[in-house]
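Novice: for reference, the sequence and a predicted model appear below.
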Amino acid sequence: MNLWLHNPERYICEYVHGERMDLSTPFMEFGKRMATARELRDTGGDEELRAAISLVPQFEIREHEIRETLRTKDWHVDLLGRLDSFDPKTLSFRDDKTGATRWTQRRAEGHNQLLHYAALVYLKHGRVPKEAWIDWIETEIGDTDGLVHITGHVESFRVPLSLSGVLEYMALAMRVAREIDEAYRKELDKLT
């Protein structure tokens, strides 16, 4: 959704024509390794991953997948989310972020991914989550090996959620889904 909102042409190239651009960075790769290690509950003996995981606050359930359908009377869109950490009692969740770019409270509050997850929780449970968090694990490129390493610095940002914010996000998601559908149909028409 964010790609569509920021660059519809690139979205069409990637998701309609299959012209994927590899925009991954070493920081993104480290974040993927960390997520996989948490999901599998196995760091493969990597002490740095074990340390990174131990530094981050966690709720009871890790890597919690939610699939729900957002419906209106004449349209629907399937939504998917994987919450890094989820508390089923309060419906609260946490999202881990790794990287060298500093996270701030303002950046965390403007991050649509948390609203996406909150919408999924709302659709599934009928309530807005009590709280959402972004946990930033700072990483840097090592001087001697050129690899990504954790610095040991972790910051957590509580992001307030509201029913109105979740409903606004769901309306945006529905609008974007319709725009993508229209663009996809136009691209198909060009091929025939």
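Specialist: Nice, thanks for sending it over.
Novice: in the lengthiest helix in the chain, what's buried?
Specialist: For the chain, the helix that runs over the most residues, judged by DSSP state H, is helix 163-191. By neighbour count on 16 or more other C-beta atoms under 10 Å, the buried set for helix 163-191 is 165-166, 169-170, 172-174, 176-177, 180, 183. Placement of C-beta: from N, CA and C, glycine included.
Novice: for stretch 141-157, same thing?
Specialist: By 16+ other C-beta under 10 Å, the buried positions in stretch 141-157 come out as 148, 150, 157.
Novice: who are the neighbours in contact with the first one?
Specialist: Read that as Val148. Val148 is in contact with 26-27, 29-30, 98, 139-142, counting by C-beta atoms under 8 Å, 6 or more residues apart in numbering.
Novice: among these, name the ones in strands.
Specialist: Per DSSP state E, strands hold the following members of these: 98, 139-141.
Novice: just among those, which is most surrounded?
Specialist: Thr139 (24 neighbours; other C-beta atoms under 10 Å).
Novice: circling back: tell me the one of the buried residues of helix 163-191 nearest Tyr122?
Specialist: The closest of the buried residues of helix 163-191 to Tyr122 turns out to be Val166 (C-beta to C-beta; 5.2 Å).
Novice: what about Gly44, how many residues close to it?
Specialist: Gly44: 10 neighbours (other C-beta under 10 Å).
Novice: and it, how far is that from Leu5?
Specialist: 37 Å (C-beta to C-beta, to the nearest Å).
Novice: the strands in this protein, which residues?
Specialist: Counting by DSSP E, the strands of the chain are 61-71, 76-87, 92-99, 132-141, 148-159.
Novice: for the first one, buried residues please.
Specialist: It stands for strand 61-71. Applying 16+ other C-beta under 10 Å to strand 61-71 flags 62, 64, 66, 68, 70 as buried.
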